[in-house]
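# Just the structure for this:
(chains A and B)
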Amino acid sequence: MKKGVLVFCFNTEFYRYDKIAAKTIPLIKKNLGLPVTVITNYDTFKLLPPLGWVDYRLIENQTGNMINGKPWHNLDRHRAYELSPYDKTLLVDIDYFCYTGNLQTLFDSDHEIMLHDKVYDLTGKGSYDFRNNSAIPMVWATLVYFKKCEYSRAVFEMVRYVKEHYPYFCNLYRIDFGNFRNDYAFAIALQQLNGLTSFPVIPTKLATLPASAKVKSADEQRLIWEMEDKFGVVDTDVHVIDKGVAYV
Amino acid sequence: MDVSKLKQISDRSYDVALAKQNALEKAKSRLLVAHDGHLFQADAETINLIKNLSEDRQEFVILDVNDNPALIKDATTFLDLLKSKNQEALNSYHQTYQQLSKIR
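Below is the predicted model:
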């Protein structure tokens, strides 16, 4: 069975995701020891530095979604199933810093698709309590582990369907966020396809540094962040929201 | 002692507590193990359950982290895996904890 990691990487006029990829992809290769496929567009591809043995797939990404008044190119995530060349895929956000091999364990499970449903704010501020922002518990699409199978294919198809009818689903589930979020699209898809019952999740917490924590440095061993004159060191897998990480 | 000194102590205590909490979360994330297609936490509860059940039976069924039933055929190998993963994660946490305890 072919196993590998899939990442989406599209620059915007505000953020250089190619520079973030230059930091995170070597970490994935080193610590997970798995092949990596990057889904990107031609403009971003031209700016990506040499990253060794990496498989690139160029697509024309969909645009139009916004976050905090800036473009957010997250509308192609549902295509991960068709674009992945692997039988077992770990779909990872480009701003996920993989400092351990812990995620390898997921590839040894029989589950068809899994995401995190719990997040852990490393700054201790508990920034991610969205319980009152929707009528459906959110999952985190930062990491999506899936096997090529009928059920997983259906989940990604359902995510596409939710995306195409997002205002309706936002209304149905009373989601406060008007912009499209894969987190909710996956939560809705998984809930619907499980007959409105619970579904398997990645049984750990997604360690996250919120945007208010500014990354001061990030090397092969660790990442250092600062917030309100306090510093922290991270040497575990972490989702970094601060896009300034591209320039440290 | 002036108030600024008290604030300093309070800030340092908070920083140490946060670092300890982060180290504990890191240890917990390392406890995940896969066995025969199922995921388990290599925590005290799982280790004790396996040890207990294996005392008087060859095969038995337990629930994995997602509440799916898993048939355990080779408890000895599984127990070894759980114990080594548990101690690997907790030893690392212990070292970090010792270092942080010296800060105050």
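# and the most centrally placed residue in chain A, how far is that from A:Leu209?
Centroid check for chain A by Cα atoms, centre = their mean gives A:Thr142 as the closest residue, at 2.5 Å. For A:Thr142, the distance to A:Leu209 (Cβ to Cβ, to the nearest Å) stands at 12 Å. To be clear about C-beta, it is placed using only N, CA and C from the backbone, and glycine gets the same treatment.
# Now for these two: what residues contact both?
Shared contacts of A:Thr142 and A:Leu209, defined by Cβ atoms under 8 Å, 6 or more residues apart in numbering or on different chains, comprise A:His239.
# three-state assignment of the residue nearest to the centre of chain A?
Counting by DSSP: H, G, I helix; E, B strand; the rest coil, the backbone at A:Thr142 sits in strand.
# Equivalent analysis for B:Ile62, please.
Assigned with three-state DSSP, B:Ile62 falls in the strand class.
# Quick one: residues contacting it.
B:Thr46, B:Leu49, B:Ile50, B:Leu53, B:Pro69, B:Ala70, B:Ile72.
# In helices, which of these appear?
Under the assignment DSSP state H, the contacts of B:Ile62 contribute B:Thr46, B:Leu49, B:Ile50, B:Leu53 to helices.
# Now for the third one, how many residues are close by?
If I follow you right, that is B:Ile50. Using other Cβ atoms under 10 Å in any protein chain shown, B:Ile50 has 21 neighbouring residues.
# measure the closest residue to it other than its chain neighbours to chain A for me?
Excluding its sequence neighbours, the residue lying closest to B:Ile50 (Cβ to Cβ, 6 or more residues apart in numbering or on different chains) is B:Leu79, at 5.0 Å. Counting by Cβ to the nearest Cβ, to the nearest Å, the separation of B:Leu79 from chain A is 18 Å.
# near chain B, which residues of chain A?
With Cβ under 8 Å from any Cβ of the partner chain as the criterion, chain A meets chain B at residues A:100, A:102, A:105-111, A:120, A:122-124, A:200-201, A:203-205, A:207, A:230, A:232, A:234-237.
# Any of those residues buried? List them.
A:102, A:105-107, A:109, A:111, A:120, A:122-124, A:200-201, A:203-205, A:207, A:232, A:234, A:236-237 (16 or more other Cβ atoms under 10 Å in any protein chain shown).
# give me every residue that touches the nearest residue in space to A:Tyr128 that is not next to it in sequence.
Sequence neighbours aside, A:Val119 is the residue nearest to A:Tyr128 in space, at 4.5 Å (criterion: Cβ to Cβ, 6+ apart). A:Val119 makes contact with A:Tyr128, A:Trp140, A:Lys205, A:Leu206, A:Thr208, according to Cβ under 8 Å, 6+ apart.
# repeat for A:Gly195
Per Cβ under 8 Å, 6+ apart, neighbours of A:Gly195: none.
# And it, which helix or strand is it part of?
In this assignment (DSSP states H and E), A:Gly195 forms part of neither any helix nor any strand.
# Look up how far chain B lies from it.
Distance, A:Gly195 to chain B, using Cβ to the nearest Cβ: 16 Å.
# For stretch B:47-58, which outside residues touch it?
B:Phe60, B:Ile62, B:Ile72, B:Lys73, B:Ala75, B:Thr76, B:Phe78, B:Leu79, B:Leu82, B:Lys83, B:Asn86.
# Whichever of those end up buried, select them in PyMOL.
The PyMOL selection below is limited to those of the contacts of stretch B:47-58 classed as buried (16+ other Cβ under 10 Å):
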select buried, chain B and resi 60+62+72+75+78+79+82+86
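# In its sheet, which strands sit next to the helix or strand containing A:Gly4, and in what direction?
Here A:Gly4 sits within strand A:3-9, counting by DSSP H and E. Using DSSP bridges, the strands paired with strand A:3-9 in its sheet are strand A:36-40 (parallel), strand A:88-92 (parallel).
# Need those in a markdown table (columns: mean pLDDT and mean neighbour count).
Shown next, in a markdown table, are the strands paired with strand A:3-9 (pLDDT from 0 to 100; neighbours: other Cβ atoms under 10 Å in any protein chain shown):
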| stretch | mean pLDDT | mean neighbour count |
| --- | --- | --- |
| strand A:36-40 | 98 | 23 |
| strand A:88-92 | 98 | 24 |
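# Dump these to CSV, plus distance to B:Gln21.
Shown next, in CSV, are these (distance: least, Cβ to Cβ, whole Å):
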stretch, distance to B:Gln21
strand A:36-40, 32
strand A:88-92, 25
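# and of those, who's closest to B:Asn91?
Closest approach to B:Asn91 among those (Cβ to Cβ): strand A:88-92, 27.1 Å.
# quick one: A:Met1 and A:Asp108 touch, right?
No. If you go by Cβ atoms under 8 Å, A:Met1 and A:Asp108 don't touch, sitting 10.9 Å apart.
# Tell me the predicted confidence for the spatially most central residue of chain B.
Closest to where the C-alpha atoms of chain B average out (Cα atoms, centre = their mean) is B:Lys28, at 4.5 Å. Here the pLDDT value assigned to B:Lys28 is 95.
# next SSE after the one helix or strand it maps to?
Using DSSP H and E, B:Lys28 falls within helix B:3-29. Downstream of helix B:3-29, the first helix or strand assigned by DSSP H and E is strand B:32-35.
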